[in-house]
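Asker: predicted model and sequence follow; I will ask about them next.
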Amino acid sequence: MLPRPRLLVTNDDGVDAIGLHVLAEAMTELGDVVVVAPHTEFSGSGAALGALHLMRPEVRQVVIDGVDESWAVNGPPGLCVMLARLGCFGKIDLVVSGINPGANVGRAIYHSGTVGAALTARNGGVSGVAVSQAVAGFGVEGQGWDEMIADQQWSSAAAVASSVVGALLADLPEEPVVVNVNVPNLPLGRMRGWREATIARLPPRTVSTGRLDPVAGRKGVFTVHMEWGSQWVLPSETDSGAIERDEVTISFLSRIVADDRPDLHAVGTAVADRLATARQPEGSREDSYTPGA
């Protein structure tokens, strides 16, 4: 009999988040689960690790019902995954991150700690799955508040996550992959289907304006007041558009690669000129300074 795969489950909402616990329980049907999650909320942290020389990473054991091994880390999800990559929690076959309340689609992907954990996994040679769920009636950039997530259909997102993870484990690719999964906040039977989606330029709704409001009694100190803009109607083939149409979205995220920009050769030329000037002997530089000149 083949050994059960070992799954690391993490999130960016903190080790006490309901979505994490529901996801971890669902993953126990597919493998041996170790939860390694931030000790508090780190939403919007992307793939950040934090200032390790200041934080002095600390890990403590916690108890999560139904999970044999659980840890809380005093840092973001990217750090949780990096510590796993270094061998702190034994061999890991797959990283599963979520369930995040709030879709991580469009440009929200850049900032999502949920997705950042999966990206960090791939950087360490392990595939990662990021699982997020729309918040009904409010397409915010990867965020959801307590009063808005009281009726989240966590079990629906967990069921979709189980299907995705089960398929991956059945045939893990040689080249690690990041799978970004977004699930409507609906019972499974009411979802319209699924789509392998492109990444939209925008999430369904964005912050449109911001202003600085002075803090009374604190000279030079301001709070930032932000206003949400109108909801965007985005193409159905995009992740943002599909999730708003009650479809499950699956997107395979590429690595960051260099872009060929022949229109920007002047940038390299400017650096070459600066380096060439620096190599000239003292006194022979055209821009050398002569006292009294």
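Answerer: Nice, I can see it. Residues are numbered from 1 along each chain as shown.
Asker: CA-only coordinates of the lowest-mean-pLDDT helix or strand in the chain in CSV, if you can.
Answerer: Of all helical and strand segments in the chain, the minimum by mean pLDDT, DSSP states H and E falls on helix 52-55, at a mean of 84. The C-alpha trace of helix 52-55 is given here as CSV (Å, rounded to 0.1, in the frame of the first residue of the first chain):
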residue,chain,number,x,y,z
LEU,A,52,13.0,37.6,10.0
HIS,A,53,15.9,39.3,11.8
LEU,A,54,13.3,41.3,13.8
MET,A,55,10.5,38.8,14.1
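Asker: and the next helix or strand past the longest helix along the chain?
Answerer: When the chain is parsed with DSSP state H, its longest helix is helix 154-170. The C-terminal neighbour of helix 154-170 among helices and strands, as given by DSSP states H and E, is strand 178-183.
Asker: list the buried residues of the helix or strand following that following strand.
Answerer: Once strand 178-183 ends, the next helix or strand along the chain (criterion: DSSP H and E) is strand 193-196. Buried residues in strand 193-196, counting neighbours by 16 or more other Cβ atoms under 10 Å, are found at 194-195. Backbone N, C-alpha and C define where each C-beta goes, glycine included.
Asker: could you dump strand 193-196 to CSV, C-alpha only?
Answerer: Output of strand 193-196 as CSV, limited to C-alpha atoms (Å, rounded to 0.1, in the frame of the first residue of the first chain):
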residue,chain,number,x,y,z
GLY,A,193,-20.6,25.2,-13.6
TRP,A,194,-16.9,25.8,-13.7
ARG,A,195,-14.4,27.5,-16.0
GLU,A,196,-10.7,27.5,-16.5
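Asker: surely I109 is within a strand?
Answerer: No - checked against DSSP: H, G, I helix; E, B strand; the rest coil, I109 lies outside a strand; its state is helix.
Asker: what's the per-residue pLDDT of it here?
Answerer: I109 carries a pLDDT value of 95.
Asker: rewinding a little: so which elements touch the longest helix of the chain?
Answerer: Packing contacts for helix 154-170, counted by 3 or more Cβ pairs under 8 Å, 6 or more residues apart in numbering; DSSP states H and E, involve helix 18-27, strand 94-101, strand 128-133, strand 178-183.
Asker: export the ones you listed to CSV and tack on mean neighbour count?
Answerer: As requested, the helices and strands packed on helix 154-170 are arranged in CSV below (neighbours: other Cβ atoms under 10 Å):
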stretch, mean neighbour count
helix 18-27, 23
strand 94-101, 30
strand 128-133, 30
strand 178-183, 26
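Asker: understood, closing this out.
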